[in-house]
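*Asks:* Give me coordinates for this.
(one chain, ligands or ions: 1)
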Amino acid sequence: MSGGHRLTEAEAARLLEATGRDVWAVADCADRLRQERVGDAVTYVRNQNINVTNICVNACGFCGFSRKEGDPDAYFFDQAKVQEKAAKARERNVTEICTVSGLHPDFTGDSYVEILTWIREAAPGIHLHASNPMEVAYGARRSGISTAEMAGRLKEAGLGSMCGTAAEVLVDSVRSVICPGKVDTATWERIIREVHALGIPTTATIMYGHRETVADRVRHLTILRSIQDDTGGFTEFVPLSFIHMQTPLYRDGLARAGATGREDLLMIAVARLFLDNVPHIQSSWVKLGRKLAQLGLVAGADDLGGTMYEESISRGAGASDTEYLDPAEMERMAADLGRPLRQRTTLYELVPS
Ligand code: SF4
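*Replies:* Predicted coordinates:
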């Protein structure tokens with residue numbers, strides 16, 4: 001379908017607008033390209049989340065997770081609690097601990113360093129996949145240092161890779177409505193480039209299905225593709241379908257009720273076709289549910305994401321069944337498609353079974 005050339009923005013937009021049986025044609029093309037590029041294995045990572053606090057100075061309209069200090073369900077884990085959870089992760093044999101939290105009003109850059117240090121002490125050797133450009137910007141601002149310096153401090157504290165979240169949709173007219181308190185597009189891109197320049201790989205994400213247009217989605221993909229051309233720092237692309245139920249954005253009529261199944265499959269397929277420099281595309285069972293996530297694996301995706309012990313962000317927005325997916329169930333999903341399941345590390349090395 002790409003006819004041997006790099007897809008243009010106009011072509012990607014046309015593919016995202018496919019309807020009827022054309023949806024299967026786009027998915028088929030993406031699935032063939034997936035097979036050619038990365039083979040048939042369906043991968044997953046054994047991981048656990050530790051969201052240290054849900055108290056946040058921001059109030060992003062799509063977020064059902066954050067709370068203000070004093071709210072009845074606001075929480076904050078101290079060192080003992082974080083270390084207890086990290087030790088539990090170790091017992092569960094996870095290879096990755098993922099930690100991203102609310103922007104607590106008392107946090108400084110040191111707080112983010114401390115959290116990584118606590119986890120490292122309690123779970124030595126486990127890959128730390130943590131933070132994102134928003135946390136880097138916040139920590140840097142609170143400590144009066146540059147974002148590059150902040151990222152460097154996280155690396156010294158043991159950060160193995162960073163979450164490419166807080167990207168949402170990299171179009172400022174959309175960001176100004178859905179997350180006005182977050183870094184703008186240019187700042188997100190600058191920080192990701194700084195992080196990659198420090199040798200810290202990141203994921204790449206999009207959070208779609210709220211109020212953005214097809215053109216906005218394609219613009220976002222173009223920014224990711226051009227960063228990857230320059231840095232090669234993205235390990236995978238993770239499309240995050242908007243979970244609308246318990247979000248202010250949806251309640252206030254500023255967003256629609258999430259993407260449709262057609263849009264979800266096309267997001268995966270077009271990402272595979274357009275992001276020709278990103279090797280892995282994830283079909284997120286947390287966002288799509290198990291059945292649609294399985295179909296994402298025949299629409300261009302090669303990865304199911306993580307086991308996700310203790311997921312709480314999508315749950316906060318109203319998603320159900322987000323807390324843990326047993327690899328045995330992933331095995332069933334992959335085998336049902338005639339594909340092998342393989343455990344991977346965060347950086348996509350296969351773990352011997
Ligand atoms: S998305 Fe992150 S920054 Fe925005 S309100 Fe939620 S926790 Fe805070």
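
*Asks:* where does the stretch 151-300 of the chain come near the ligand, residue by residue?
*Replies:* C179 (C-beta under 6 Å from any ligand atom). Every residue, glycine included, has its C-beta placed from N, CA and C.

*Asks:* swap the cut-off to 8 Å and go again
*Replies:* Contact residues of the stretch 151-300 of the chain with respect to the ligand, defined by C-beta under 8 Å from any ligand atom, are listed as 166, 179, 181-182.

*Asks:* now for those, which pair is the farthest apart?
*Replies:* A166 and G181 (10.8 Å; C-beta to C-beta).

*Asks:* Which residue of these two possesses the greater neighbour count?
*Replies:* Using other C-beta atoms under 10 Å, the more surrounded residue of A166 and G181 is A166, with 25 against 13.

*Asks:* What segments of this protein are strands?
*Replies:* Secondary structure of the chain, counting by DSSP state E: strands at 42-45, 47-49, 96-99, 127-130, 159-162, 202-208, 234-241, 280-281, 303-306, 341-343.

*Asks:* Can you give the contact residues for the second one?
*Replies:* In this case it means strand 47-49. Strand 47-49 is touched from outside by 85, 88-89, 92, 94-100, 129, 306-313, 346, with contacts defined as C-beta atoms under 8 Å, 6 or more residues apart in numbering.

*Asks:* give me that answer again for 7 Å
*Replies:* Contacts of strand 47-49 with the rest of the structure, by C-beta atoms under 7 Å, 6 or more residues apart in numbering, involve 89, 92, 94, 96-98, 306-312.

*Asks:* Pull out the buried residues from those residues.
*Replies:* With neighbours counted using 16 or more other C-beta atoms under 10 Å, the contacts of strand 47-49 contain these buried positions: 89, 94, 96-98, 306-312.

*Asks:* and which of the residues you listed is nearest the ligand?
*Replies:* Nearest to the ligand among these is S312, at 10.7 Å by C-beta to the nearest ligand atom.

*Asks:* quick one, what contacts that closest one?
*Replies:* Contact partners of S312, counting by C-beta under 7 Å, 6+ apart, are 49, 51, 65.

*Asks:* any idea how far E212 is from it?
*Replies:* Here S312 is placed at a distance of 25 Å from E212 (C-beta to C-beta, to the nearest Å).

*Asks:* ok, now N58?
*Replies:* Summarising the geometry, the distance separating N58 from E212, computed by C-beta to C-beta, is 19 Å.

*Asks:* Which of the two has more residues huddled nearby?
*Replies:* For N58 versus E212, neighbours defined as other C-beta under 10 Å are more numerous around E212 (24 against 14).

*Asks:* Just name the shakiest helix or strand of the protein by mean pLDDT.
*Replies:* Ranking every helix and strand in the chain by mean pLDDT, DSSP states H and E puts helix 313-316 at the bottom, with a mean of 73.

*Asks:* Give the burial count for V26, as a bare number.
*Replies:* When counting by other C-beta under 10 Å, one arrives at 23 neighbours for V26.

*Asks:* again, but for the one 4 residues further on
*Replies:* Burial of A30 is recorded as 27 neighbouring residues (other C-beta under 10 Å).

*Asks:* Also L198?
*Replies:* 15.

*Asks:* Report the contact partners of it.
*Replies:* 151-152, 155.

*Asks:* how near is it to the ligand?
*Replies:* For L198, the distance to the ligand under the criterion C-beta to the nearest ligand atom, to the nearest Å works out to 23 Å.

*Asks:* go on, T53?
*Replies:* Remark: distance between T53 and the ligand (C-beta to the nearest ligand atom) = 9 Å.

*Asks:* Count the neighbours of that residue for me.
*Replies:* Every residue meeting other C-beta under 10 Å relative to T53 is counted, giving 20.

*Asks:* Also E189?
*Replies:* Neighbour count for E189, taken as other C-beta under 10 Å: 18.

*Asks:* Hmm, it is touching L224, no?
*Replies:* No. Counting by C-beta atoms under 7 Å, L224 is not a contact partner of E189; they are 9.3 Å apart.

*Asks:* need the contacts of L198 in JSON lines with pLDDT, can you?
*Replies:* What follows is these, written out as JSON lines (pLDDT from 0 to 100):
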{"residue": "A151", "pLDDT": "98"}
{"residue": "G152", "pLDDT": "98"}
{"residue": "K155", "pLDDT": "98"}
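
*Asks:* Now render these as JSON lines, adding neighbour count.
*Replies:* As requested, the contacts of L198 are exported to JSON lines (neighbours: other C-beta atoms under 10 Å):
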{"residue": "A151", "neighbour count": "26"}
{"residue": "G152", "neighbour count": "17"}
{"residue": "K155", "neighbour count": "16"}
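
*Asks:* Serialize these to TSV and add fields for distance to F242.
*Replies:* Compiled in TSV, the contacts of L198 are given as follows (distance: C-beta to C-beta, whole Å):
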residue	distance to F242
A151	28
G152	33
K155	31
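
*Asks:* Inside helices: which ones of those?
*Replies:* For those, membership in helices holds for 151-152, 155, with DSSP state H as the criterion.
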